[in-house]
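Participant: Fold the following for me, if possible:
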Amino acid sequence: MAGGMYEALLHLFAVRQKKNEQTTLAFIVALIGLGLVFSSFHLIRQFSHWFRRRHGRSMIPYYLVAIPRTVRKWSLRRVVGVPSLGHASVVTIYFVVNVVCLFVNMDRKGLGTTTNIASRSGWLATANLLFVIFFALKNTPLAFLTAWSYERLNCLHKVCGYGALIHTIIHAACYSYYFTNTGQSSILLRTSDIMGIVAGGSWFLLVLAAIFIRPWWYELFYYLHVLLWVVSLITLGLHRPDLSSKVAIGTVVAGAMWGMDRLIRLVRMIFYTVNNSATLTPLSNGGTRVTLAKPPVGGIPGKHTFLWIPQIRLFQTHPFTIVSAEPLEFVIASRDGFTGALHKYAVANPGVRLRASIEGPYGTLPDASSFETVVLIAGGSGASFIFGLAQALLRTKVASHVVTQKVVFVWIVKHNSQLEWFSHHFITLRNDPRFSVQVFVTRSSPPPPPLPPLRSGTAVQNQDEEKKGTRGFVGDDYERRQHLHAASSDSSIDLEKSSPPSDGESTLGADADPSIDEKKVLIEYQRPDIPGLIREVVEGAAAQESILIAGCGPGKLMDVMRETTADCIRWDGPSIELHCEKYGW
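Facilitator: Numbers count the residues shown, from 1 in each chain. Sure thing, here's the model as predicted:
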């Protein structure tokens, strides 16, 4: 009798195991299918851009223009907690799939519902772990299939991490409730179950560190992140070590993906250590220029690489955007940690050369040269990205496929001393007639214009002019403000006095006369009207033209760009592409 009951129980466990395997596989296939849908949408849009450039817009059917633009118009809208409505849609579908897979295809007649849910949630936690690692890979295949590289997939990495933790909590709570109520709480003290508790606790601490420590002290978060991940992977393997249970296979695959990615990065780092060095140049307002002797293969301006300088931090690498590729140049704003230590060392040892290496490059960039109009907007140190895109445009100027006719370049800084960071790059921009350069300083005050000979009413008039010339937004008396700023030697960047390009740097525009007046970059001491600027560019473009709007900076600036771009997308208007980079990694 007892033997028959035991065999019946084994049969029930086998049935549950099979159903869990089927549902987990369906969960993985569903998420892969969702990714393929978005990849297909991206590839179709890329094909339509290519077709329009080759054959003209009139050859494209109406629905192939109207439907994608309607989708993008709404998907770019901002939603609280995620970058856009498109992201929110993906997250919603993801959680719906998780909830459905938690309850479907379950045998409720034999084993209790509580233990069935506990078992299923454990399987789904492991399945989510695979996607957590996949979205964290630096060398992700999605960079080739979509417009997103690893840093743009970070939000999905976080979401899957939350999903894995939720399933872990359900798994632990249901089993704890069941074994406690049936008088079998001693089962929870078995070695394999203790390993599971340690793994779940590590995941819980990982999420807490991401929420509370990451914004405060990234370097501490990074070390905790790696340590807790390794601990959780090992203990998860010890929690279910039997490969026949199939759960262990998921653990092995997750560890293999992570290990392979780390190995690729390590090999690349070692390769670029040979005959490489970094030259440090201190800049005003906490900036540091880092110039490397050996650039990476495929390192184009606008992409980013991880920089390693053991003299500053032996066990740390940090990502920075490539401003110029010949030679490889970074312009780094100092904050706490590595960047602060780097700037202090550069100030104490200007021009010093240190042993260094890089790992990368990473990032997916739009081909700016395939758009008739390009709008580049940056806030603060986000200028590294848009200067990189601008340099890429300048390098492709003579190529036959370049169609860019107009480039609006906008840089917003707090203090005018920051303008020194990219002073010699302004030379190349101002020597290209396609570029319209606008610089906005939001916290420094403009110096007073030269005083004219004293006569009645002059003092009052100058005070009124200065007040009028420094207030307001784009759309105020622009020509008069330009005249006011041009009259003051400190209100513009005199590129004759800026630091010259270093040896081997691109000499685009260098043969032009450096004394011409056009090399002064006019500055406006006010906050720009970004929505008005974008709308003006779009309204001035023909329906058959294409516009790229790219930016890098604080989250609020990127939100404004997203909302404004979404408002400007029309089925009968120009084709608009948006590319936003954010601070952080």
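Participant: Tell me how this structure divides into domains.
Facilitator: When the chain is parsed with automatic domain parsing, its domains come out as 7-189+240-267, 277-362, 368-448+468-582.
Participant: a markdown table please, covering these and showing mean neighbour count, distance to Val231 and mean pLDDT.
Facilitator: Every residue, glycine included, has its C-beta placed from N, CA and C. Formatted as a markdown table, the domains of the chain follow (neighbours: other C-beta atoms under 10 Å; distance: least, C-beta to C-beta, whole Å; pLDDT from 0 to 100):
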| stretch | mean neighbour count | distance to Val231 | mean pLDDT |
| --- | --- | --- | --- |
| domain 7-189+240-267 | 16 | 12 | 85 |
| domain 277-362 | 19 | 18 | 91 |
| domain 368-448+468-582 | 18 | 30 | 72 |
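Participant: Reformat those domains as CSV; add distance to Tyr218.
Facilitator: Shown next, in CSV, are those (distance: least, C-beta to C-beta, whole Å):
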stretch, distance to Tyr218
domain 7-189+240-267, 13
domain 277-362, 7
domain 368-448+468-582, 14
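Participant: so which of those domains comes closest to Leu227?
Facilitator: domain 277-362 (12.5 Å; C-beta to C-beta).
Participant: Need the distance between the two termini of that closest one.
Facilitator: Start-to-end span of domain 277-362 (C-alpha to C-alpha, to the nearest Å) is 20 Å.
Participant: and the gap between Gln438 and Trp411?
Facilitator: 8 Å (C-beta to C-beta, to the nearest Å).
Participant: Pull the contacting residues for Ser244.
Facilitator: Residues counted as contacts of Ser244 (C-beta atoms under 8 Å, 6 or more residues apart in numbering): none.
Participant: Make sure I have this right: it is in a helix.
Facilitator: Yes. Residue state for Ser244 (DSSP: H, G, I helix; E, B strand; the rest coil) corresponds to a helix.
Participant: Now do it against Ser176, distance only.
Facilitator: From Ser244 over to Ser176 (counting by C-beta to C-beta), the distance is 26 Å.
Participant: repeat for Leu111
Facilitator: Taking C-beta to C-beta, one finds Leu111 at 17 Å from Ser176.
Participant: same thing with Thr364?
Facilitator: In terms of C-beta to C-beta, Thr364 sits 44 Å off from Ser176.
Participant: same question, Asp529
Facilitator: From Asp529 to Ser176 the distance is 57 Å (C-beta to C-beta).
Participant: what do you get for Gly110?
Facilitator: 21 Å.
Participant: Also Arg527?
Facilitator: Separation of Arg527 from Ser176 (C-beta to C-beta): 55 Å.
Participant: And for Val413?
Facilitator: Separation of Val413 from Ser176 (C-beta to C-beta) stands at 55 Å.
Participant: so Val375 sits in a strand?
Facilitator: Yes. Membership of Val375 in a strand is supported by three-state DSSP.
Participant: For it, which residues are in contact?
Facilitator: If you count contacts by C-beta under 8 Å, 6+ apart, Val375 has them with 407-408, 410, 533-534, 537, 547-550.
Participant: how close does it get to Arg434?
Facilitator: 12 Å.
Participant: intersection of neighbour lists for the two?
Facilitator: Overlap of the contact sets of Val375 and Arg434 (by C-beta under 8 Å, 6+ apart) consists of Val407.
Participant: pLDDT at Val198, what is it?
Facilitator: Looking at Val198, its pLDDT reads 96.
Participant: Find the nearest non-adjacent residue to it, please.
Facilitator: Nearest residue to Val198, sequence neighbours excluded (C-beta to C-beta, 6 or more residues apart in numbering): Thr235, at 4.4 Å.
Participant: quick one: the one you found and Ser192 touch, right?
Facilitator: No. Thr235 is beyond contact range of Ser192, at 9.8 Å (criterion: C-beta atoms under 8 Å).
Participant: The two - which one has more neighbours?
Facilitator: Taking neighbours as other C-beta atoms under 10 Å, Thr235 and Ser192 compare with Thr235 leading, 20 against 13.
Participant: Got the confidence number for that one?
Facilitator: Reported pLDDT for Thr235: 94.
Participant: Skip ahead from the host helix or strand of it and say which helix or strand is next.
Facilitator: Using DSSP states H and E, Thr235 maps to helix 218-239. Scanning forward in sequence from helix 218-239 by DSSP H and E, the next helix or strand is helix 247-271.
Participant: Excluding its own residues, what touches that following helix? List them.
Facilitator: Everything outside helix 247-271 that qualifies as a contact, by C-beta under 8 Å, 6+ apart, is 122-123, 126-127, 129-130, 132-134, 136-139, 229, 233, 236-237, 240-243, 296, 306, 308, 317, 357-360.
Participant: Just give me how far it sits from the chain centre.
Facilitator: With C-alpha atoms, centre = their mean, to the nearest Å as the basis, helix 247-271 stands 22 Å off its chain's centre.
Participant: Equivalent analysis for stretch 185-201, please.
Facilitator: Relative to its chain's centre, stretch 185-201 lies at 38 Å (C-alpha atoms, centre = their mean).
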